[in-house]
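> Just a sequence and a predicted model for now, questions to come.
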Amino acid sequence: MAGVVFDKVNKVYDNGFHAVHDLDLEVQDGEFMVLVGPSGCGKSTALRMVAGLEDISSGRLLIGDKVVNTVPSKDRDIAMVFQSYALYPHMSVRDNIGYGLRLRKTPKDEITRLVDAAAAKLDLTDYLDRRPKQLSGGQRQRVAMGRAIVRRPQVFLMDEPLSNLDAKLRGQMRTEIAALQLELGVTTIYVTHDQVEAMTMGDRIALMKDGLLQQVSEPQEMYENPANIFVAGFIGSPPMNMALARLVRDGDGLVVDFGSQRVAVDPARVAELGELENWVDREVVVGVRHEDMEDAALERLDDGRQVSATVRLVEALGSELQVHFTFDAKAAETEHTRALAAENQDEASASATLLGHEGVRWIASFSPR
Ligand code: ATP
């Protein structure tokens, strides 16, 4: 097995489009690295360079300790799983899974042994004689996985392998792929635009935008300490609430001034975030996760750390209540939240858009009482 290193890797397509800029990224041996970002951010291009399906314009790409820039795809010892599964329709499941081994002239009985073992692992034993069209989407996806794992490659590359499945199956396969990767311990680079997949599957996440790497970190770290507004708006569902405000001094403390309302900043946080002092009397973006808010009336808080807001909608999700509210401040929607709202892809943003009121729309979550 081997790690993968991008060392100042660039990709400029023939038409002059610069799809990946100076990418520096080290995927450790055995690690599950998720490349995530919105459509067109360059994540598939990055993956395809590792696969040897795209030339590298500049920089170095290493698999293990070997620079592979000019090594043909077939000699890189990688296995790729595509969104389309790329199964051969006229071949049985057994032949599809064993295809790569046959190409490598692996002895027949060895192929049978390896295919049977992979099929058992993937719950495909009863389907080995079927053709792909006689399988469900999830089963086809598992055949594609089987074809990758029988080869025991150094690196798995997966490009949106779950995007053709319905939501329920996607959830199941997410867990199965993560568990399989853990068991096999094969270095994996997994491309998706779905931040839930990124959060739940990756040992680490590399988040890209416009060909530029924004942040690389463990999922929880990215959620709690996003490197910039883009990351903050991309990771997490519903997206982080954001509003424009001014940071001002008030006596000994600092206050966030939203215009019509002011909220005191917890002195402990001010001390923790020493740099806040640099932002006094400047415009700032305040970001608050939905789960970090409390109902001031219920909690009987009276320490200046609250806003008055109008509840517009309450959604009961079973384990939590999501409360949509508006208050008088200027929205600081990120590019991402704007795009989500525009496409109505995300239910939370969509319902916030439907509310259609002036002011900032935020979402808070509470436990049902
Ligand atoms: P998606 O999730 O939509 O697949 P992505 O992040 O994987 O997006 P890429 O496929 O890596 O994005 O493409 C990155 C950018 O490079 C896009 O703007 C795309 O239009 C452009 N691009 C991709 N292939 C080519 C090509 N062969 N020639 C020119 N530009 C290309």
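Right, received. Where do you want to start? Note that the structure is predicted; figures quoted are calculated from it, not measured.

> Provide a list of residues in contact with Val9.
20, 22-24, 46, 49, 56, 58-61 (C-beta atoms under 8 Å, 6 or more residues apart in numbering). Glycine gets a C-beta too; all of them are placed from N, C-alpha and C.

> filter those by proximity to the ligand?
Among the contacts of Val9, not one lies near the ligand by C-beta under 6 Å from any ligand atom.

> Asp210 and Met80, how far apart?
Per C-beta to C-beta, to the nearest Å, Asp210 is found 25 Å from Met80.

> Among the two, which residue is more densely surrounded?
Legend: neighbour count by other C-beta atoms under 10 Å for Asp210 and Met80, higher for Met80 (23 against 15).

> Just the CA coordinates for the one helix or strand that one maps to, please, in PDB.
Applying DSSP states H and E as the criterion places Met80 in strand 78-81. This file holds the C-alpha atoms of strand 78-81, laid out as PDB (Å, rounded to 0.1, in the frame of the first residue of the first chain):
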ATOM      1  CA  ILE A  78      -4.900   1.800  -8.700                       C
ATOM      2  CA  ALA A  79      -8.500   0.800  -9.000                       C
ATOM      3  CA  MET A  80     -11.200   3.300  -9.800                       C
ATOM      4  CA  VAL A  81     -15.000   3.200  -9.100                       C
END
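
> List of residues touching the lengthiest helix in the chain?
Ranked by residue count, the top helix of the chain under DSSP state H comes out as helix 167-184. With contacts defined as C-beta under 8 Å, 6+ apart, helix 167-184 is touched by 32, 121-122, 137-138, 141-142, 145, 149, 156, 158, 161-163, 165, 188, 190, 197, 200-201.

> quick one: buried residues of that helix?
169-170, 173-174, 176-178, 180-181, 184 (16 or more other C-beta atoms under 10 Å).

> ok, the residue lying closest to Val36 once chain neighbours are set aside - contacts?
Counting by C-beta to C-beta, 6 or more residues apart in numbering, Val36 lies nearest to Ala198, which is 4.0 Å off, once chain neighbours are set aside. When the contact criterion is C-beta under 8 Å, 6+ apart, the partners of Ala198 are 34, 36, 192, 205, 207, 219, 235.

> Now do the SS call for Ala198.
helix (DSSP: H, G, I helix; E, B strand; the rest coil).

> Which elements pack onto the host helix or strand of Leu157?
Per DSSP H and E: Leu157 is located in strand 155-159. Packing contacts for strand 155-159, counted by 3 or more C-beta pairs under 8 Å, 6 or more residues apart in numbering; DSSP states H and E, involve helix 43-51, strand 78-81, strand 187-192.

> can you list contacts of the helix or strand following the second one?
Just to be clear, that refers to strand 78-81. For strand 78-81, the succeeding helix or strand toward the C-terminus, using DSSP H and E, is helix 93-103. With contact meaning C-beta under 8 Å, 6+ apart, helix 93-103 is reached by 79, 87-88, 91, 110-112, 114-115, 118-119, 124, 127-132, 135, 143, 146-147, 150-151.

> Next, report how far helix 93-103 is displaced from the centre of its chain.
31 Å (C-alpha atoms, centre = their mean, to the nearest Å).

> list the buried ones in it?
So for helix 93-103, counting by 16+ other C-beta under 10 Å, buried means 93-101.

> if I've got this straight, Asn15 is in a strand?
No. Looking at Asn15 with three-state DSSP, it is coil, so not inside a strand.

> and it, what pLDDT?
The model reports Asn15 with a pLDDT of 96.

> From Val288, how far out is Pro107?
61 Å.

> Compare neighbour counts for these two and give me the winner.
Val288 (15 against 9).

> got a list of what the nearest residue to the more buried one once chain neighbours are set aside touches?
Closest residue to Val288 apart from its sequence neighbours, by C-beta to C-beta, 6+ apart: Asn241 at 4.9 Å. Counting by C-beta under 8 Å, 6+ apart, Asn241 touches 287-290, 360, 362-364.
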